[in-house]
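> sequence first, then the predicted structure, then my questions.
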Amino acid sequence: MSNNFSDKILEHYSDFSEKSILNRFIKHRTIVPLIKKRTNGEVFEVSEIGHSLENRILYLLKYGNGKTKILVWSQMHGDEPTATAAIFDIFNFLENSVFSAEQKLISEKCTVYFVPMLNPDGAEVFKRRNAADIDINRDALALQTPEGKSLMQFCKQIKPDFAFNLHDQEIYYSAGDTKYPAVLSFLAPAFDPQKTCNTSRENSMKLIAALNRMLQNYIPNRIGRYSDDYIPSAFGDAVQKCGTSTILIESGGFYNDTEKQFVRKMNVLSLLTAFKTIALNTFDDENINDYLSIPLNKKNKLFDVIIKNITLKFNDFTLTADIGIRQKMIVFDNLNSSKWLIEDIGDLKNFNAYTEIDANSQFISQKINIGSDATDILQILNFSS
(Lines give C-alpha, C1' and ligand atoms only; values in the text may rest on other atoms or scores of the structure.)
Protein backbone atom coordinates (compact mmCIF):
# COMPACT_ATOMS: atom_id res chain seq x y z
CA MET A 1 0.00 0.00 0.00
CA SER A 2 1.43 3.35 -1.02
CA ASN A 3 2.23 5.75 1.82
CA ASN A 4 1.06 8.53 -0.49
CA PHE A 5 -2.45 7.30 -1.10
CA SER A 6 -3.91 10.77 -1.57
CA ASP A 7 -1.20 11.75 -4.06
CA LYS A 8 -1.87 8.56 -6.00
CA ILE A 9 -5.60 9.30 -6.16
CA LEU A 10 -4.99 12.78 -7.56
CA GLU A 11 -2.30 11.59 -9.96
CA HIS A 12 -4.66 9.06 -11.54
CA TYR A 13 -7.96 10.91 -11.08
CA SER A 14 -8.39 11.67 -14.77
CA ASP A 15 -8.00 7.95 -15.50
CA PHE A 16 -11.00 6.92 -13.41
CA SER A 17 -13.25 9.98 -13.30
CA GLU A 18 -16.65 9.35 -14.87
CA LYS A 19 -16.47 11.21 -18.19
CA SER A 20 -20.22 11.10 -18.89
CA ILE A 21 -20.92 13.43 -15.94
CA LEU A 22 -19.56 16.90 -16.57
CA ASN A 23 -21.97 19.31 -14.87
CA ARG A 24 -24.46 19.75 -12.04
CA PHE A 25 -27.56 18.65 -13.91
CA ILE A 26 -27.42 14.94 -13.12
CA LYS A 27 -30.72 13.18 -13.60
CA HIS A 28 -31.90 9.69 -12.78
CA ARG A 29 -31.67 8.73 -16.44
CA THR A 30 -28.02 9.87 -16.37
CA ILE A 31 -27.03 7.36 -13.72
CA VAL A 32 -29.24 4.36 -14.62
CA PRO A 33 -26.98 3.15 -17.47
CA LEU A 34 -23.93 3.58 -15.23
CA ILE A 35 -25.59 1.39 -12.60
CA LYS A 36 -27.02 -1.22 -14.95
CA LYS A 37 -23.64 -1.94 -16.50
CA ARG A 38 -22.54 -3.09 -13.05
CA THR A 39 -25.28 -5.68 -12.57
CA ASN A 40 -23.00 -8.55 -13.57
CA GLY A 41 -21.92 -8.83 -9.94
CA GLU A 42 -18.21 -8.89 -10.65
CA VAL A 43 -17.39 -5.92 -8.40
CA PHE A 44 -20.71 -4.62 -7.08
CA GLU A 45 -24.01 -6.10 -6.01
CA VAL A 46 -26.81 -3.94 -7.40
CA SER A 47 -30.25 -3.90 -5.79
CA GLU A 48 -33.10 -1.54 -4.94
CA ILE A 49 -34.17 -0.08 -1.60
CA GLY A 50 -37.41 1.48 -2.84
CA HIS A 51 -38.97 3.98 -5.23
CA SER A 52 -39.50 7.72 -5.26
CA LEU A 53 -42.91 9.39 -5.26
CA GLU A 54 -42.77 9.49 -9.06
CA ASN A 55 -41.76 5.83 -9.12
CA ARG A 56 -38.08 6.20 -9.93
CA ILE A 57 -35.92 3.39 -8.54
CA LEU A 58 -33.71 4.11 -5.52
CA TYR A 59 -30.64 2.04 -6.33
CA LEU A 60 -28.20 0.48 -3.89
CA LEU A 61 -24.71 -0.70 -4.79
CA LYS A 62 -22.76 -2.89 -2.39
CA TYR A 63 -18.97 -3.24 -2.47
CA GLY A 64 -16.82 -5.61 -0.41
CA ASN A 65 -17.56 -8.18 2.27
CA GLY A 66 -15.66 -6.86 5.27
CA LYS A 67 -16.85 -6.67 8.86
CA THR A 68 -17.08 -2.88 9.10
CA LYS A 69 -20.23 -1.57 7.42
CA ILE A 70 -20.27 1.84 5.77
CA LEU A 71 -23.38 3.52 4.33
CA VAL A 72 -22.99 6.39 1.83
CA TRP A 73 -25.93 8.37 0.46
CA SER A 74 -26.05 11.40 -1.81
CA GLN A 75 -28.48 13.90 -3.30
CA MET A 76 -31.28 13.67 -0.80
CA HIS A 77 -31.63 17.27 -1.94
CA GLY A 78 -32.20 17.20 -5.68
CA ASP A 79 -30.14 20.31 -6.41
CA GLU A 80 -27.07 19.05 -4.51
CA PRO A 81 -25.36 16.69 -6.97
CA THR A 82 -21.60 17.14 -6.45
CA ALA A 83 -21.12 14.00 -4.38
CA THR A 84 -23.30 11.96 -6.75
CA ALA A 85 -20.74 12.57 -9.49
CA ALA A 86 -17.97 11.72 -7.02
CA ILE A 87 -19.60 8.39 -6.18
CA PHE A 88 -19.51 7.33 -9.82
CA ASP A 89 -15.84 8.30 -9.93
CA ILE A 90 -15.35 6.04 -6.90
CA PHE A 91 -17.12 3.17 -8.66
CA ASN A 92 -14.59 3.50 -11.49
CA PHE A 93 -11.75 3.66 -8.95
CA LEU A 94 -12.90 0.42 -7.38
CA GLU A 95 -12.81 -1.23 -10.82
CA ASN A 96 -9.41 0.17 -11.87
CA SER A 97 -6.54 -2.33 -11.67
CA VAL A 98 -4.05 0.41 -10.76
CA PHE A 99 -5.58 0.41 -7.27
CA SER A 100 -5.74 -3.34 -6.65
CA ALA A 101 -3.98 -3.14 -3.28
CA GLU A 102 -6.33 -0.43 -2.04
CA GLN A 103 -9.35 -2.32 -3.34
CA LYS A 104 -8.24 -5.48 -1.55
CA LEU A 105 -7.85 -3.64 1.74
CA ILE A 106 -11.22 -1.92 1.56
CA SER A 107 -13.16 -4.96 0.31
CA GLU A 108 -11.68 -7.32 2.92
CA LYS A 109 -12.11 -4.98 5.87
CA CYS A 110 -15.29 -3.12 4.90
CA THR A 111 -18.65 -3.53 3.24
CA VAL A 112 -19.63 -0.25 1.61
CA TYR A 113 -23.24 0.46 0.62
CA PHE A 114 -23.89 3.34 -1.79
CA VAL A 115 -27.22 5.07 -2.47
CA PRO A 116 -26.08 7.44 -5.23
CA MET A 117 -29.29 9.45 -5.64
CA LEU A 118 -31.92 9.47 -2.91
CA ASN A 119 -34.10 12.21 -4.43
CA PRO A 120 -34.36 11.48 -8.18
CA ASP A 121 -37.62 13.44 -8.52
CA GLY A 122 -35.98 16.58 -7.15
CA ALA A 123 -32.94 15.98 -9.36
CA GLU A 124 -35.22 15.83 -12.40
CA VAL A 125 -36.18 19.50 -11.97
CA PHE A 126 -33.10 20.55 -9.99
CA LYS A 127 -34.89 21.47 -6.77
CA ARG A 128 -34.10 20.76 -3.14
CA ARG A 129 -37.29 18.96 -2.10
CA ASN A 130 -39.02 15.85 -3.38
CA ALA A 131 -42.07 15.73 -5.69
CA ALA A 132 -44.40 16.54 -2.77
CA ASP A 133 -42.20 19.53 -1.82
CA ILE A 134 -41.12 17.83 1.41
CA ASP A 135 -37.52 18.16 2.53
CA ILE A 136 -36.38 14.53 2.85
CA ASN A 137 -33.67 15.65 5.24
CA ARG A 138 -36.32 16.76 7.71
CA ASP A 139 -38.31 13.51 7.49
CA ALA A 140 -36.14 11.23 9.61
CA LEU A 141 -38.79 10.97 12.36
CA ALA A 142 -42.12 11.24 10.53
CA LEU A 143 -40.89 9.08 7.62
CA GLN A 144 -43.71 10.20 5.34
CA THR A 145 -41.61 10.39 2.18
CA PRO A 146 -40.99 7.04 0.45
CA GLU A 147 -37.40 8.13 -0.11
CA GLY A 148 -36.69 8.90 3.54
CA LYS A 149 -38.56 5.83 4.73
CA SER A 150 -36.57 3.57 2.40
CA LEU A 151 -33.25 4.99 3.59
CA MET A 152 -34.11 4.71 7.28
CA GLN A 153 -35.45 1.17 6.92
CA PHE A 154 -32.26 0.08 5.18
CA CYS A 155 -30.11 1.84 7.76
CA LYS A 156 -31.88 0.04 10.59
CA GLN A 157 -31.61 -3.23 8.70
CA ILE A 158 -27.82 -3.20 8.24
CA LYS A 159 -26.87 -1.09 11.30
CA PRO A 160 -23.83 0.56 9.69
CA ASP A 161 -20.75 1.40 11.72
CA PHE A 162 -20.17 4.58 9.69
CA ALA A 163 -22.43 6.71 7.53
CA PHE A 164 -21.64 9.52 5.09
CA ASN A 165 -24.41 12.05 4.46
CA LEU A 166 -23.39 14.00 1.34
CA HIS A 167 -24.69 17.46 0.48
CA ASP A 168 -23.90 20.75 -1.27
CA GLN A 169 -23.79 24.08 0.48
CA GLU A 170 -23.84 27.50 -1.18
CA ILE A 171 -20.51 28.71 -2.51
CA TYR A 172 -20.76 31.83 -0.33
CA TYR A 173 -19.67 30.11 2.88
CA SER A 174 -16.18 30.98 4.08
CA ALA A 175 -13.92 28.85 6.25
CA GLY A 176 -14.26 30.88 9.42
CA ASP A 177 -13.51 34.60 9.34
CA THR A 178 -11.17 34.28 6.38
CA LYS A 179 -11.15 35.28 2.73
CA TYR A 180 -11.16 31.63 1.73
CA PRO A 181 -14.23 29.75 0.51
CA ALA A 182 -15.12 26.57 2.39
CA VAL A 183 -14.43 24.03 -0.35
CA LEU A 184 -15.65 21.27 1.93
CA SER A 185 -17.34 21.48 5.31
CA PHE A 186 -17.67 18.60 7.75
CA LEU A 187 -19.89 17.81 10.71
CA ALA A 188 -20.13 15.11 13.33
CA PRO A 189 -23.88 15.60 13.98
CA ALA A 190 -25.25 15.85 17.50
CA PHE A 191 -27.73 13.23 18.68
CA ASP A 192 -29.23 15.17 21.60
CA PRO A 193 -29.77 18.82 22.57
CA GLN A 194 -26.82 18.69 24.95
CA LYS A 195 -24.48 17.76 22.07
CA THR A 196 -23.16 14.82 24.06
CA CYS A 197 -19.99 13.13 22.85
CA ASN A 198 -20.26 9.35 23.13
CA THR A 199 -17.86 6.89 21.51
CA SER A 200 -19.82 6.81 18.28
CA ARG A 201 -19.82 10.59 17.83
CA GLU A 202 -16.19 10.85 18.92
CA ASN A 203 -15.29 8.41 16.15
CA SER A 204 -17.02 10.74 13.68
CA MET A 205 -14.94 13.62 14.99
CA LYS A 206 -11.69 11.65 14.88
CA LEU A 207 -12.27 10.55 11.30
CA ILE A 208 -13.03 14.13 10.25
CA ALA A 209 -9.84 15.29 12.01
CA ALA A 210 -7.85 12.81 9.93
CA LEU A 211 -9.52 13.95 6.71
CA ASN A 212 -8.94 17.61 7.53
CA ARG A 213 -5.24 17.06 8.12
CA MET A 214 -4.92 15.30 4.77
CA LEU A 215 -6.93 17.95 2.89
CA GLN A 216 -4.86 20.82 4.29
CA ASN A 217 -2.04 19.58 2.03
CA TYR A 218 -4.16 20.34 -1.04
CA ILE A 219 -6.67 23.06 -0.09
CA PRO A 220 -5.13 24.82 2.95
CA ASN A 221 -7.43 27.04 5.00
CA ARG A 222 -10.42 25.97 2.93
CA ILE A 223 -12.11 23.44 5.23
CA GLY A 224 -15.05 24.46 7.40
CA ARG A 225 -17.00 22.90 10.24
CA TYR A 226 -20.77 22.90 9.94
CA SER A 227 -22.96 23.95 12.86
CA ASP A 228 -23.89 21.07 15.16
CA ASP A 229 -27.22 22.49 16.28
CA TYR A 230 -29.39 19.48 17.10
CA ILE A 231 -32.22 18.88 14.62
CA PRO A 232 -33.99 15.65 15.63
CA SER A 233 -35.84 15.32 12.31
CA ALA A 234 -32.61 15.56 10.27
CA PHE A 235 -31.15 12.31 8.98
CA GLY A 236 -27.59 12.92 10.15
CA ASP A 237 -28.72 13.55 13.72
CA ALA A 238 -31.16 10.62 13.67
CA VAL A 239 -28.63 8.15 12.25
CA GLN A 240 -26.02 9.31 14.76
CA LYS A 241 -28.59 8.68 17.50
CA CYS A 242 -28.91 5.08 16.29
CA GLY A 243 -25.25 4.51 17.20
CA THR A 244 -23.74 4.96 13.72
CA SER A 245 -20.70 7.23 13.48
CA THR A 246 -22.09 9.76 11.02
CA ILE A 247 -20.16 12.27 8.92
CA LEU A 248 -21.82 15.10 7.02
CA ILE A 249 -19.85 16.44 4.05
CA GLU A 250 -20.99 19.68 2.44
CA SER A 251 -19.55 20.59 -0.98
CA GLY A 252 -18.90 24.31 -1.20
CA GLY A 253 -17.13 26.48 -3.75
CA PHE A 254 -13.75 27.00 -5.37
CA TYR A 255 -12.33 29.56 -7.76
CA ASN A 256 -13.47 29.27 -11.40
CA ASP A 257 -15.33 26.05 -10.59
CA THR A 258 -18.92 26.82 -11.58
CA GLU A 259 -19.77 23.16 -12.15
CA LYS A 260 -17.92 22.09 -8.97
CA GLN A 261 -15.64 19.67 -10.78
CA PHE A 262 -12.68 20.46 -8.54
CA VAL A 263 -14.91 20.19 -5.47
CA ARG A 264 -16.09 16.83 -6.83
CA LYS A 265 -12.47 15.65 -6.96
CA MET A 266 -11.98 16.70 -3.32
CA ASN A 267 -15.05 14.61 -2.42
CA VAL A 268 -13.46 11.58 -4.09
CA LEU A 269 -10.22 12.21 -2.21
CA SER A 270 -12.06 12.56 1.11
CA LEU A 271 -14.27 9.49 0.76
CA LEU A 272 -11.55 7.14 -0.46
CA THR A 273 -9.21 8.34 2.28
CA ALA A 274 -12.01 7.79 4.78
CA PHE A 275 -12.57 4.22 3.56
CA LYS A 276 -8.86 3.44 3.90
CA THR A 277 -8.66 5.09 7.33
CA ILE A 278 -11.66 3.07 8.52
CA ALA A 279 -10.24 -0.14 7.07
CA LEU A 280 -6.95 0.39 8.93
CA ASN A 281 -8.71 1.72 12.04
CA THR A 282 -6.16 4.55 12.23
CA PHE A 283 -8.80 7.18 13.01
CA ASP A 284 -8.69 5.97 16.61
CA ASP A 285 -5.32 7.70 17.03
CA GLU A 286 -6.83 11.12 16.34
CA ASN A 287 -7.77 13.80 18.87
CA ILE A 288 -11.27 15.28 18.88
CA ASN A 289 -9.76 18.69 19.67
CA ASP A 290 -8.34 18.69 16.14
CA TYR A 291 -11.91 18.39 14.88
CA LEU A 292 -13.10 21.18 17.16
CA SER A 293 -10.29 23.43 15.91
CA ILE A 294 -11.67 23.41 12.35
CA PRO A 295 -13.14 26.90 11.80
CA LEU A 296 -16.90 27.15 11.71
CA ASN A 297 -18.62 27.92 8.42
CA LYS A 298 -19.51 31.57 8.03
CA LYS A 299 -22.49 32.08 5.74
CA ASN A 300 -22.74 34.89 3.19
CA LYS A 301 -19.24 36.22 3.87
CA LEU A 302 -18.35 35.88 0.20
CA PHE A 303 -19.58 37.40 -3.05
CA ASP A 304 -18.81 36.33 -6.57
CA VAL A 305 -17.59 39.85 -7.27
CA ILE A 306 -16.93 42.88 -5.11
CA ILE A 307 -16.49 46.19 -6.92
CA LYS A 308 -14.57 48.48 -4.60
CA ASN A 309 -14.44 52.26 -4.62
CA ILE A 310 -17.08 53.00 -7.20
CA THR A 311 -18.63 56.47 -7.34
CA LEU A 312 -22.43 56.58 -7.53
CA LYS A 313 -24.87 59.41 -8.09
CA PHE A 314 -28.09 59.63 -6.12
CA ASN A 315 -30.18 62.75 -6.90
CA ASP A 316 -27.83 65.65 -6.10
CA PHE A 317 -25.43 63.50 -4.08
CA THR A 318 -22.36 61.58 -5.12
CA LEU A 319 -20.93 58.88 -2.90
CA THR A 320 -18.25 56.21 -3.01
CA ALA A 321 -19.19 52.66 -2.05
CA ASP A 322 -18.47 49.00 -2.64
CA ILE A 323 -20.90 46.76 -4.52
CA GLY A 324 -21.31 43.04 -3.74
CA ILE A 325 -22.54 40.92 -6.65
CA ARG A 326 -23.62 37.29 -6.82
CA GLN A 327 -24.49 35.12 -9.79
CA LYS A 328 -27.95 33.63 -9.47
CA MET A 329 -28.88 30.49 -11.37
CA ILE A 330 -32.42 30.22 -12.75
CA VAL A 331 -33.81 26.80 -13.64
CA PHE A 332 -37.09 26.59 -15.55
CA ASP A 333 -38.51 23.71 -17.60
CA ASN A 334 -35.18 21.89 -17.55
CA LEU A 335 -33.40 24.95 -18.95
CA ASN A 336 -30.93 26.93 -16.89
CA SER A 337 -29.46 30.38 -17.11
CA SER A 338 -27.85 32.80 -14.72
CA LYS A 339 -27.79 36.50 -14.05
CA TRP A 340 -25.55 38.84 -12.08
CA LEU A 341 -27.44 40.60 -9.28
CA ILE A 342 -26.42 43.30 -6.84
CA GLU A 343 -26.67 41.86 -3.33
CA ASP A 344 -25.16 44.65 -1.21
CA ILE A 345 -24.04 48.27 -1.46
CA GLY A 346 -21.89 50.13 1.05
CA ASP A 347 -18.72 49.52 3.03
CA LEU A 348 -17.84 45.89 2.29
CA LYS A 349 -14.31 45.87 3.70
CA ASN A 350 -15.22 42.99 6.01
CA PHE A 351 -16.39 40.84 3.11
CA ASN A 352 -14.46 38.94 0.48
CA ALA A 353 -15.12 37.69 -3.05
CA TYR A 354 -13.94 35.20 -5.60
CA THR A 355 -13.03 38.26 -7.72
CA GLU A 356 -12.36 41.82 -6.53
CA ILE A 357 -12.35 44.83 -8.87
CA ASP A 358 -11.03 48.22 -7.82
CA ALA A 359 -13.06 50.79 -9.73
CA ASN A 360 -10.65 53.58 -8.67
CA SER A 361 -13.59 55.93 -8.05
CA GLN A 362 -14.95 55.45 -11.57
CA PHE A 363 -18.31 57.18 -11.92
CA ILE A 364 -21.48 55.19 -12.67
CA SER A 365 -24.39 57.41 -13.66
CA GLN A 366 -27.16 54.82 -13.64
CA LYS A 367 -29.23 54.36 -10.50
CA ILE A 368 -28.72 51.01 -8.83
CA ASN A 369 -30.46 49.15 -6.04
CA ILE A 370 -30.07 45.86 -4.23
CA GLY A 371 -31.60 43.29 -6.55
CA SER A 372 -30.68 45.23 -9.69
CA ASP A 373 -29.09 43.47 -12.66
CA ALA A 374 -25.33 44.08 -12.46
CA THR A 375 -24.50 43.05 -16.03
CA ASP A 376 -24.15 46.59 -17.41
CA ILE A 377 -21.88 47.71 -14.58
CA LEU A 378 -19.66 44.67 -15.01
CA GLN A 379 -19.42 45.37 -18.74
CA ILE A 380 -18.50 49.00 -18.09
CA LEU A 381 -15.66 47.75 -15.88
CA ASN A 382 -14.60 45.22 -18.54
CA PHE A 383 -15.27 42.27 -16.25
CA SER A 384 -15.32 38.91 -18.02
CA SER A 385 -16.76 35.91 -16.18
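That came through fine.
> please enumerate the helices of the chain.
5-16, 28-36, 82-93, 100-109, 120-124, 146-158, 199-215, 235-241, 261-280, 288-292, 375-380 (DSSP state H).
> do you know which of those lies nearest Val305?
Taking Cβ to Cβ, helix 375-380 is the member of the helices of the chain nearest to Val305, at 7.1 Å. C-beta: built from backbone N, CA, C; applies to glycine.
> who's in contact with the nearest residue to Leu319 once chain neighbours are set aside?
Distances taken as Cβ to Cβ, 6 or more residues apart in numbering put Leu312 closest to Leu319, at 5.6 Å, once the chain neighbours are dropped. Listed by Cβ atoms under 8 Å, 6 or more residues apart in numbering, the contact set of Leu312 reads 318-321, 345, 364, 368.
> for the spatially closest residue to Phe164 that is not a sequence neighbour, list each beta-bridge partner.
Distances taken as Cβ to Cβ, 6+ apart place Val72 nearest to Phe164, at 4.5 Å, with adjacent residues excluded. Counting by DSSP bridges, Val72 is bridged to Phe114, Phe164.
> dump the residue contacts of Val72.
Counting by Cβ under 8 Å, 6+ apart, Val72 has contacts 87, 112-115, 163-164, 166, 271.
> please repeat the previous calculation with a cut-off of 10 Å.
Shown in contact with Val72 (Cβ atoms under 10 Å, 6 or more residues apart in numbering): 61, 63, 83, 86-87, 90, 112-116, 160, 162-166, 247, 249, 271, 274-275.
> can you pull the contacts of the nearest residue to Lys260 once chain neighbours are set aside?
Leaving aside its sequence neighbours, Lys260 sits nearest to Thr82 (Cβ to Cβ, 6+ apart; 4.6 Å). Thr82 makes contact with 24, 26, 74-75, 166-169, 184, 249-252, 259-261, 263-267 under the criterion Cβ under 10 Å, 6+ apart.
> next step: the residues you listed restricted to strands.
74, 166-168, 184, 249-251 (DSSP state E).
> output those as CSV; include the columns distance to Ile49, pLDDT and neighbour count.
Shown next, in CSV, are the ones in strands among the contacts of Thr82 (distance: Cβ to Cβ, whole Å; pLDDT from 0 to 100; neighbours: other Cβ atoms under 10 Å):
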residue, distance to Ile49, pLDDT, neighbour count
Ser74, 14, 98, 29
Leu166, 16, 99, 28
His167, 19, 98, 20
Asp168, 22, 98, 23
Leu184, 27, 98, 24
Ile249, 21, 98, 27
Glu250, 24, 98, 23
Ser251, 23, 98, 27
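> with respect to Asn336, which of the helices of the chain lies nearest?
The nearest among the helices of the chain, by Cβ to Cβ, is helix 120-124 at 13.3 Å.
> list the buried ones in that closest one?
Across helix 120-124, burial judged by 16 or more other Cβ atoms under 10 Å covers 120-124.
> pLDDT and distance to Ala359 added to those residues, as a markdown table?
As requested, the buried residues of helix 120-124 are exported to a markdown table (pLDDT from 0 to 100; distance: Cβ to Cβ, whole Å):
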| residue | pLDDT | distance to Ala359 |
| --- | --- | --- |
| Pro120 | 98 | 46 |
| Asp121 | 98 | 45 |
| Gly122 | 98 | 40 |
| Ala123 | 97 | 40 |
| Glu124 | 96 | 42 |
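> ok, these vs Leu53, which is closest?
The closest of those, once distances to Leu53 are taken by Cβ to Cβ, is Asp121, at 5.7 Å.
> spatially nearest residue to the closest one (excluding sequence neighbours)?
Using Cβ to Cβ, 6+ apart, the closest residue to Asp121 is Ala131 (4.0 Å).
> which pLDDT does the model give the one you found?
The confidence metric pLDDT takes the value 98 at Ala131.
> same check, this time on Lys308
pLDDT, read off for Lys308, is 96.
> max-length strand in the protein?
strand 317-332.
> tell me the helices and strands packed up against that strand.
Judged by 3 or more Cβ pairs under 10 Å, 6 or more residues apart in numbering; DSSP states H and E, the packing partners of strand 317-332 are strand 302-314, strand 335-346, strand 352-358, strand 363-364, helix 375-380.
> ok, which of these comes nearest Thr39?
Distance to Thr39, taken as Cβ to Cβ, is lowest for strand 335-346 among the helices and strands packed on strand 317-332, at 31.9 Å.
> the closest one to strand 302-314, inter-axis angle?
Relative orientation of strand 335-346 versus strand 302-314 (axes from the mean of the first three to the mean of the last three Cα atoms, to 10 degrees): 60 degrees.
> what pairs with Ile330 across the strands?
With DSSP bridges as the rule, Ile330 is bridged to Ser337.
> any regions of the stretch 201-350 of the chain where pLDDT drops low?
Low-confidence segments of the stretch 201-350 of the chain, defined by pLDDT under 70: 332-335.
> and the gap between Phe191 and Ile35?
From Phe191 across to Ile35, the span is 32 Å (Cβ to Cβ, to the nearest Å).
> these two: who's more crowded?
Phe191 (24 against 20; other Cβ atoms under 10 Å).
> pretty sure the more buried one is in contact with Gly236, am I right?
Yes: assessed by Cβ atoms under 10 Å, Phe191 is found in contact with Gly236 at 9.3 Å.
> name the residues contacting each of those two.
244, 246.
> you'd agree Asp344 is up against Val305?
No: with contact defined as Cβ under 10 Å, Asp344 does not reach Val305; the gap is 11.3 Å.
> if we can go back for a sec, what is the nearest of the buried residues of helix 120-124 to Lys67?
Pro120 (31.5 Å).
> straight-line length of stretch 11-29, end to end?
Terminal residues of stretch 11-29 lie 30 Å apart, using Cα to Cα, to the nearest Å.
> what's next to stretch 188-198, contact-wise?
Contacts to stretch 188-198, defined as Cβ under 10 Å, 6+ apart, come from residues 163, 165, 200-209, 225-232, 234-248, 288, 291-292.
> now Leu271: closest residue in space, sequence neighbours ignored.
Nearest non-adjacent residue to Leu271 (Cβ to Cβ, 6+ apart): Ile90, at 6.2 Å.
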